[in-house]
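A.B. asks: Everything below, folded, please.
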Amino acid sequence: MIAITLGLWAASAFSAAADQPDEKLEKVPPEEYPIYDRVVEAKFLTSQTKLVIIDRLTVGELRPDLPPPTREFFKEFDFFAGKLQPETVTDFLFKTRRRSRLEARFNFGVRYQFVSDGVLEEPMVFLAPVPAGLTRFDPTRIGVLGFSRVGFNAREDQAIVYVGDFRPDGSGAGFLVLLHRVGHEWKITDTEVLWVAREDE
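C.D. replies: Reported below is the predicted structural model:
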């Protein structure tokens, strides 16, 4: 059985919010969850994935060794070859200034569970019948995905989101994902690889 963990790579990130109880943080609004669902479905689910563990809090850094991004950062690297609209960047930067609290609004087809400060929360959220003999997972032994808030343009037909995949052995990668809306469905337009770490680098 394969499990994927979504969450933070460092408990000390966003230290300004560290002393604030999770329930006091801004909640991620419903319109951002279809973006998370699409990214998980397209990039991290396989036919063997049975469980997704999600950290309650979002992230803001686009690399583990750098502070949260700025407009100059986006201008310097010209992500997505000009397809990324300035107002989408503005919304993304505004939202990622601080951490937000995720809720049980995911709908990517497998059951999931939240984790806070490395501790699994109860209960588990089931999107299908509960299987017999459900295995309990140790989040310290599973790779961690950290999601940012979602940035939209004014028409809400373009979106960007960051996801970092962090492994206990020190390997991982970070991705900036660009999406566009077709009717009521979100589709991935392009993906930029922001960083890659090898095992024990």
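A.B. asks: in this structure, which ranges drop under the pLDDT threshold?
C.D. replies: 1-23, 123-143, 168, 200-201 (pLDDT under 70).
A.B. asks: Centroid-nearest residue for it?
C.D. replies: What sits nearest the mean C-alpha location of the chain, by Cα atoms, centre = their mean, is Phe147, with 1.7 Å.
A.B. asks: and the residue lying closest to it once chain neighbours are set aside, what is it in contact with?
C.D. replies: The spatially closest residue to Phe147, leaving aside those adjacent along the chain, is Val163, at 5.4 Å (Cβ to Cβ, 6 or more residues apart in numbering). All C-beta atoms are positioned from the backbone trio N, CA, C, and that covers glycine. Under the criterion of Cβ atoms under 8 Å, 6 or more residues apart in numbering, the neighbours of Val163 are 39, 43, 145-148, 174-175, 177.
A.B. asks: What are the boundaries of the helices in this protein?
C.D. replies: Under the criterion DSSP state H, the chain contains helices at 33-43, 71-77, 86-95.
A.B. asks: and the angle for the longest strand along the chain with helix 33-43?
C.D. replies: Ranked by residue count, the top strand of the chain under DSSP state E comes out as strand 185-197. Here strand 185-197 runs at an angle of 60 degrees relative to helix 33-43 (axes from the mean of the first three to the mean of the last three Cα atoms, to 10 degrees).
A.B. asks: so what secondary structure elements neighbour strand 185-197?
C.D. replies: Contact partners of strand 185-197 among helices and strands, from 3 or more Cβ pairs under 8 Å, 6 or more residues apart in numbering; DSSP states H and E: helix 33-43, strand 172-182.
A.B. asks: Let me know which of the ones you listed is the nearest to Ile54.
C.D. replies: helix 33-43 (8.8 Å; Cβ to Cβ).
A.B. asks: next one: the longest strand of the chain to chain centre, how far?
C.D. replies: For strand 185-197, the separation from the chain centroid amounts to 12 Å (computed by Cα atoms, centre = their mean, to the nearest Å).
A.B. asks: now stretch 145-156
C.D. replies: 10 Å.
A.B. asks: Quick check: end-to-end length of that stretch?
C.D. replies: Start and end residues of stretch 145-156 are separated by 25 Å (Cα to Cα, to the nearest Å).
A.B. asks: Flag every buried residue along stretch 177-192.
C.D. replies: 177-179, 181, 186, 188, 191-192 (16 or more other Cβ atoms under 10 Å).
A.B. asks: quick one on the thing from earlier: from Gly82, how far out is the residue nearest to the centre of the chain?
C.D. replies: 25 Å (Cβ to Cβ, to the nearest Å).
A.B. asks: Ok, Phe114 next?
C.D. replies: Phe114 is 37 Å from Gly82, by Cβ to Cβ.
A.B. asks: The two: which is more packed in?
C.D. replies: More neighbours surround Phe114 than the other of Phe114 and Gly82, with 24 against 7 (other Cβ atoms under 10 Å).
A.B. asks: Report the spatially closest residue to that one, excluding sequence-adjacent ones.
C.D. replies: Glu121 is the one closest to Phe114 (Cβ to Cβ, 6+ apart), at 4.4 Å.
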